[in-house]
Structure formats: structure tokens, C-alpha cells
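Participant: Got a sequence here, can you build the structure:
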Amino acid sequence: MSTIKDLTAIVGSHHIVTSAAKSLRYRKGYRSGQGEALAVVMPGTLLEMWQVLKVLHRDNIIILMQASNTSLTEGSTPSEGYDRDVVVVKGSRIKDLQLINQGKQILAFPGTTLANLEKTLKPLSREPHSVIGSSTLGASVIGGINNNSGGALIQRGPAYTELALYARIDENNELHLVNHLGIDLGNTPEEILDNLANHRFDLNNVPNSEERVGHNRDYEERVRAVDSDMPTRYNADPKGLYEASGAAGKVATFAVRLDTYPSEGESQVFYIGTNSPAVLEKMRRHILANFKNLPVSGEYMHKDAYDLAKIYGKDSLMVIDKVGTDILPTMFGLKASAERLLGHVPTFKPYFPDRFLQRAGHLFPNQLPKRMEDYANRFQHYLQLKMSGEGIAEARTYLNEFFKEEEGEFFEANADEANKASLHRYVTASVPIRYQELHQDEIDILPIDVALRRNDDDWFETLPKEIDDKIEYKLYYGHFLDHVMHQDYILKPGVDAHELKQEMLKLFDKRGAIYPAEHNVGHLYDAAPALIEHYKKNDPTNSFNPGIGKTTKRKWWEEY
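Facilitator: Predicted coordinates for the structure are as follows:
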């Protein structure tokens with residue numbers, strides 16, 4: 001086939017996968033979903049990526065851009081029901097990262113990860129918009145921009161930029177490279193990409209853009225408005241949709257220009273335990289409305305999530321804590337290869353690597369600090385309140401007075417406790433997957449991330465008995481200060497996840513909540529009108545990632 005031949009000529013035979021078995025790891029979602037693809041192509045340079053796009057556009061093939069494939073809603077993997085062939089274009093080999101204007105801004109490329117960005121900025125005492133969360137899983141910077149991700153850091157908000165270099169197919173079915181980086185790189189696509197890749201401009205004298213910004217605006221003002229009946233942030237918020245920002249793969253993003261931030265300096269995590277959701281809400285409202293210094297973050301866990309993560313996330317916590325994040329992509333690749341090879345051997349059950357890791361984790365002692373474990377025995381709700389600078393003393397004074405009258409306690413975590421608490425909170429996202437893999441023929445899972453109203457005092461979920469009876473475990477955790485919650489449900493055997501989800505979403509609708517909050521719609525949610533408008537504006541021919549948000553998969557947005 002000429003398409004495969006031409007793609008192979010561009011990237012080389014080692015960087016194109018046409019075997020269905022070998023490409024499965026790229027065609028299968030992190031939590032769910034998979035589809036067919038003609039090939040998976042991995043360009044090694046920006047120019048190769050442009051040449052790949054030209055071939056796919058010429059041959060009328062669907063373009064599915066993929067970075068680290070950490071999507072939790074099937075948004076970066078193929079689905080079913082397309083009217084054309086699909087090729088996955090994986091940009092993870094293009095790892096370049098350029099510091100500009102003395103590191104006050106950066107240029108990130110398709111393979112630039114959040115973890116690498118954080119590490120690169122650290123010697124400059126600078127930080128990216130997000131330093132926790134999916135960065136531990138190898139997520140990419142551009143993936144975050146495309147999906148409005150992040151927002152755990154209360155002073156910064158979700159990933160956003162108006163400065164990007166991207167390719168789109170216009171209303172006349174013509175492929176264009178759009179340079180909105182605010183940097184003069186030439187005229188033709190080849191010239192622009194070559195000059196960018198080879199740093200043919202003054203990295204420390206890039207002009208400021210007066211019309212476009214490289215960060216989320218007015219987030220502090222929004223998060224402090226605790227009496228608003230609207231959520232603080234959510235994927236379909238029109239304020240977060242601009243060209244590559246919120247594009248969900250409807251353009252091919254080559255580079256983004258983002259602001260960085262001064263390091264927070266001295267910080268302190270206050271670990272809080274209580275048995276009353278109302279206590280946490282009272283605290284949240286006071287801190288956001290009255291503190292002079294906003295917190296760095298406020299991460300919540302419920303006891304059931306804590307306990308299950310202690311069992312099913314132990315090995316992940318140990319690897320990240322002892323080895324770091326650099327090895328994770330390699331480990332995911334090795335695990336996928338092992339699953340593919342062992343899947344043909346009758347002796348081994350499916351997901352053998354996960355079963356092995358789960359059993360191996362039991363050989364090691366408990367990794368969680370004693371004071372956290374003490375709180376787990378006494379309290380149902382936990383909050384990791386992180387403060388920096390003058391905010392440390394402000395929070396210490398407030399919490400000491402607050403818990404003289406309110407039910408609960410707190411302690412000031414040392415460095416090890418703070419690190420373990422943060423990692424424990426973030427490996428929780430993988431717990432339902434591990435649980436399902438160990439009980440694969442018995443149960444299903446239902447993950448939901450939801451943005452609650454800022455004035456929702458009754459934030460902790462109480463389900464009707466007819467729904468609660470269908471659920472084995474409820475895992476509640478999330479970004480508490482801005483009321484963005486992750487609620488994962490492990491269902492009882494025989495319960496249909498799709499049917500239950502519709503019932504659950506009706507409950508959220510009654511509460512004035514908006515979903516999804518930060519994982520984007522993928523192929524699991526209906527896109528809101530604002531998202532559909534954004535998708536159609538970016539991609540008039542419906543050539544990039546069609547079907548996202550349960551929209552039509554046909555060219556030119558034709559309905560079925």
C-alpha cells in the first residue's frame with residue numbers, strides 16, 4: 001500500500017507499526033476503549049511529523065495524534081465506526097524542550113513530559129503550571145494543553161495557552177501550518193519547523209505577546225468566589241477553549257509556548273483528618289474567601305480510597321518513590337510487551353504482569369507513614385493542605401484555632417510524610433484498573449470526574465439505595481479546594497456500567513455539577529455545545545480524531 005510505503009520512507013521501518021498485536025498498546029486506552037488502526041507512526045522530528053501529516057491528508061486517512069496515551073476517557077486511542085482508515089501519529093520521540101527568556105517561558109514539543117519540564121526548570125528555581133498529578137505517569141505538556149488538564153495548583157489553574165504552532169485542515173480541505181507562537185520563524189512550513197528545531201532565533205530575546213497569553217487568566221479570582229453556583233473549572237468552559245487549548249486532538253500541535261512560575265520556596269503540608277465532610281467544607285470556604293495567601297493545593301481522600309490504594313497501589317507508590325518517574329514509560333512499554341507475549345501462552349492468565357506486581361507488593365512492608373495510618377484508623381476524610389511562604393504561618397494559626405471547636409485534628413507533615421501522602425493520593429487513580437484486572441471476569445468499573453458548584457456545601461455524595469446497592473466500592477478523591485472530584489466506582493458482578501452511568505449523571509445534573517471536569521470527554525461523554533463548536537472551528541473536515549465527544553465520525557461532520 002502506498003500510504004505505508006511513504007510513511008515508512010519518512011520515519012524508517014523501526015518507527016512504524018502495522019502489526020495488530022504490536023500496535024495494541026497504542027490502540028488501547030489507559031482505562032478502557034480500543035479500536036483498529038492501519039498503522040502507528042512515530043516521527044522523530046517536527047519536519048518528519050509534518051511530512052507524515054501531508055501523506056495522511058493526501059490519502060484521506062483519519063489522523064489520531066497521540067503523546068503518552070495517559071487519557072482516562074479513551075480520547076487518544078481509536079474507536080470503532082469510522083468511514084476511513086485511521087493512523088495513530090505518536091509524537092513521544094520528539095522530546096525537545098526549549099527554555100526562552102531566561103526560563104520565564106518554555107517551548108514544549110509533542111514528546112515533552114511534565115516530569116521532564118519540572119526537572120529542567122528546577123535549577124532555575126522555576127516551575128511549570130502543574131507539578132503533581134499525571135506528571136507521575138509520564139503525561140505530556142501538549143496533551144495537557146489539548147485537554148485543559150491540571151488545576152491542582154490553586155494559584156495557577158488548568159493548562160492553557162494562546163501561543164501555539166499547529167497544523168489544521170481548513171474549510172477547503174487544505175492542510176496548513178499555523179504559527180501563533182509569537183516568534184518569527186520564516187514563511188514555509190519546512191522553514192518554520194527547521195528554524196524552530198535548530199534554535200535559529202534568540203532564545204533569550206523572544207518578544208512578549210501583547211495579544212496572546214501563555215497561562216490561565218484570573219483563576220485566583222474565580223476560585224475565591226465560593227458563593228458562585230457555577231463550578232470553578234471544567235473541560236467545556238469557553239474561557240479555556242482557544243485553538244490548541246482544549247482541542248482534544250482536533251489539530252496536530254507541534255509546539256506550545258507557556259509561562260513558568262517562580263518556585264514556591266519554603267512549603268508545608270498540613271495533614272488533616274476528620275469524620276465530618278461539613279468540617280472540611282467550612283474550612284474550604286474560609287480559606288478561599290479570607291486567607292491573604294492562597295494555598296498551593298488541597299488534595300482530598302476518603303478512607304475507602306485510602307484503604308484500597310494501600311492494597312492495589314502499593315507497588316506503583318514504591319516505584320515512583322524509589323526510582324522516580326523517568327523509568328515509567330519504559331516500564332509501561334515492557335508491561336505491554338509482556339502482556340502481548342504471555343497472552344499466547346495458556347499457562348498464564350491475562351494481565352499476568354499486574355498479577356505478579358500485586359503479589360510482589362505484599363513482600364514489602366507497609367510504605368505509609370505511622371501518623372497517616374493513625375489518622376486512617378480514626379478518621380474517614382483526609383485533606384493535604386499545602387501552603388508556602390507567609391501562608392504557612394497563616395494556616396498554622398487558623399488550624400490551631402479552628403480545631404479547638406471543630407471535630408478533627410491535623411499535623412504538620414515532614415518531607416517524607418508529605419511525599420508519601422502525595423504519591424498515595426495520585427496512585428489512587430490506577431486502583432480501579434488494577435482491581436478490575438485482578439477480577440476481570442467478574443466486575444466492571446465506572447470512573448467519573450466531576451466539577452461541583454463552588455457553593456455546594458453538601459459536597460460529599462450520598463447515593464440512593466437502589467444505586468448504592470449496585471456498587472462494591474466507592475473511591476472518592478480529588479482537588480477539594482476548587483471542588484473538582486474524582487469518583488471511581490467498582491461495581492458489583494453483573495452490573496452494567498453504561499446503564500449505571502446514566503443514572504449517576506442524572507444525579508449530578510440535579511446538583512448543578514458539570515462533567516467531565518478535567519479528563520475531557522473522550523469517547524465516553526457527550527461534548528457540550530461549546531466543545532462541539534470549538535472542534536468544528538479547528539477541524540472543519542472532521543479529519544482529526546473524529547467521534548470525540550460522541551460526535552459523528554464521518555468526514556465533513558456528516559451525520560449518520
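
Participant: what's the distance between residue 452 and residue 400?
Facilitator: Counting by C-beta to C-beta, to the nearest Å, the gap from residue 452 to residue 400 is 28 Å. For every residue, glycine as well, the C-beta is placed using N, CA and C.

Participant: Show me which of those two is the more surrounded one.
Facilitator: Per other C-beta atoms under 10 Å, whichever of residue 452 and residue 400 has more neighbours is residue 452, with 24 against 10.

Participant: Parallel or antiparallel, list what pairs with the helix or strand harbouring residue 473.
Facilitator: With elements taken from DSSP states H and E, the one containing residue 473 is strand 471-479. Strand pairing for strand 471-479, determined by DSSP bridges: strand 297-302 (antiparallel), strand 484-491 (antiparallel).

Participant: Just put these in JSON lines and tack on mean neighbour count.
Facilitator: As requested, the strands paired with strand 471-479 are arranged in JSON lines below (neighbours: other C-beta atoms under 10 Å):
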{"stretch": "strand 297-302", "mean neighbour count": "24"}
{"stretch": "strand 484-491", "mean neighbour count": "23"}
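
Participant: what's the domain layout of the chain?
Facilitator: Using the TED database, the domain parsing of the chain gives 1-93+534-557, 97-261, 267-441.

Participant: Now distance to residue 523 and mean pLDDT too, for those domains, in a markdown table please.
Facilitator: Supplementary listing: the domains of the chain in a markdown table, determined by distance: least, C-beta to C-beta, whole Å; pLDDT from 0 to 100:
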| stretch | distance to residue 523 | mean pLDDT |
| --- | --- | --- |
| domain 1-93+534-557 | 4 | 93 |
| domain 97-261 | 11 | 91 |
| domain 267-441 | 17 | 85 |
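
Participant: Kindly reformat the ones you listed as TSV containing distance to residue 448.
Facilitator: As requested, those are exported to TSV (distance: least, C-beta to C-beta, whole Å):
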stretch	distance to residue 448
domain 1-93+534-557	10
domain 97-261	13
domain 267-441	11
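
Participant: Ok, which of the ones you listed comes nearest residue 514?
Facilitator: For residue 514, the closest of the domains of the chain is domain 97-261, at 4.3 Å, according to C-beta to C-beta.

Participant: returning to that earlier point: name the residues of the strand holding residue 473 that are buried.
Facilitator: Buried residues in strand 471-479, defined by neighbour count with 16 or more other C-beta atoms under 10 Å: 471, 473-479.

Participant: Closest one of those residues to residue 232?
Facilitator: For those, the residue nearest residue 232 by C-beta to C-beta is residue 479; the value is 9.1 Å.

Participant: Specify the beta-bridge partners of that closest one.
Facilitator: Residues in beta-bridge contact with residue 479 (DSSP bridges): residue 299, residue 484.

Participant: ok now do it, which residues does it touch?
Facilitator: With contact taken as C-beta atoms under 8 Å, 6 or more residues apart in numbering, residue 479 is in contact with 151-152, 297-300, 485.

Participant: ok, these vs residue 158, which is closest?
Facilitator: residue 151 (4.3 Å).

Participant: mind checking which of the strands paired with strand 471-479 is nearest residue 104?
Facilitator: Of all these, strand 297-302 sits nearest to residue 104, with 22.5 Å by C-beta to C-beta.

Participant: Wait, residue 59 touches residue 2, no?
Facilitator: Yes. Using C-beta atoms under 8 Å as the test, residue 59 is close enough to residue 2 to be in contact (7.5 Å).

Participant: The two - which one has more neighbours?
Facilitator: Between residue 59 and residue 2, counted using other C-beta under 10 Å, residue 59 has the larger neighbour count: 16 against 9.

Participant: can you count the residues close to the residue nearest to that one when sequence neighbours are not counted?
Facilitator: Excluding the flanking residues, the one nearest residue 59 by C-beta to C-beta, 6 or more residues apart in numbering is residue 3, at 4.8 Å. Number of residues near residue 3 (other C-beta under 10 Å) recorded here: 17.

Participant: Let's have the strands paired with strand 471-479 in CSV, adding distance to residue 549.
Facilitator: Converted to CSV, the strands paired with strand 471-479 look like this (distance: least, C-beta to C-beta, whole Å):
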stretch, distance to residue 549
strand 297-302, 28
strand 484-491, 19
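
Participant: Nearest approach to residue 388 belongs to which of those?
Facilitator: The minimum distance between residue 388 and those falls on strand 297-302, with 9.9 Å, by C-beta to C-beta.

Participant: Buried residues, the helix or strand just after the closest one. List them.
Facilitator: Beyond strand 297-302 on the C-terminal side, the first helix or strand identified by DSSP H and E is helix 303-312. By neighbour count on 16+ other C-beta under 10 Å, the buried set for helix 303-312 is 303, 305-306, 308-310, 312.

Participant: From the contact counts, what lies against helix 303-312?
Facilitator: If you count contacts as 3 or more C-beta pairs under 8 Å, 6 or more residues apart in numbering; DSSP states H and E, helix 303-312 packs onto helix 370-378, strand 381-388, helix 415-427, helix 431-438, strand 471-479.

Participant: Return the most buried member of those.
Facilitator: Of all the helices and strands packed on helix 303-312, strand 381-388 carries the top mean neighbour count, a mean of 24, counting by mean count of other C-beta atoms under 10 Å.

Participant: what inclination does that strand have with respect to helix 303-312?
Facilitator: Computed by axes from the mean of the first three to the mean of the last three C-alpha atoms, to 10 degrees, the angle separating strand 381-388 from helix 303-312 equals 80 degrees.

Participant: And strand 381-388, how far out from the chain middle?
Facilitator: Counting by C-alpha atoms, centre = their mean, to the nearest Å, strand 381-388 is centred 21 Å from the centre of its parent chain.

Participant: Kindly export that strand (C-alpha atoms) in CSV.
Facilitator: The C-alpha coordinates for strand 381-388 follow below in CSV (Å, rounded to 0.1, in the frame of the first residue of the first chain):
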residue,chain,number,x,y,z
HIS,A,381,-11.8,12.1,55.5
TYR,A,382,-8.3,13.4,54.8
LEU,A,383,-7.1,16.7,53.3
GLN,A,384,-3.5,17.5,52.4
LEU,A,385,-3.4,21.3,52.6
LYS,A,386,-0.1,22.7,51.2
MET,A,387,0.9,26.2,52.0
SER,A,388,4.0,28.2,51.1
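
Participant: List the neighbouring strands of that strand plus their orientation.
Facilitator: strand 267-274 (antiparallel), strand 297-302 (antiparallel).

Participant: and of the domains of the chain, who's closest to residue 508?
Facilitator: For the domains of the chain, proximity to residue 508 was assessed by C-beta to C-beta; domain 97-261 is nearest, at 10.7 Å.

Participant: ends of that closest one, how far apart?
Facilitator: The straight-line separation of the ends of domain 97-261 (C-alpha to C-alpha, to the nearest Å) is 16 Å.
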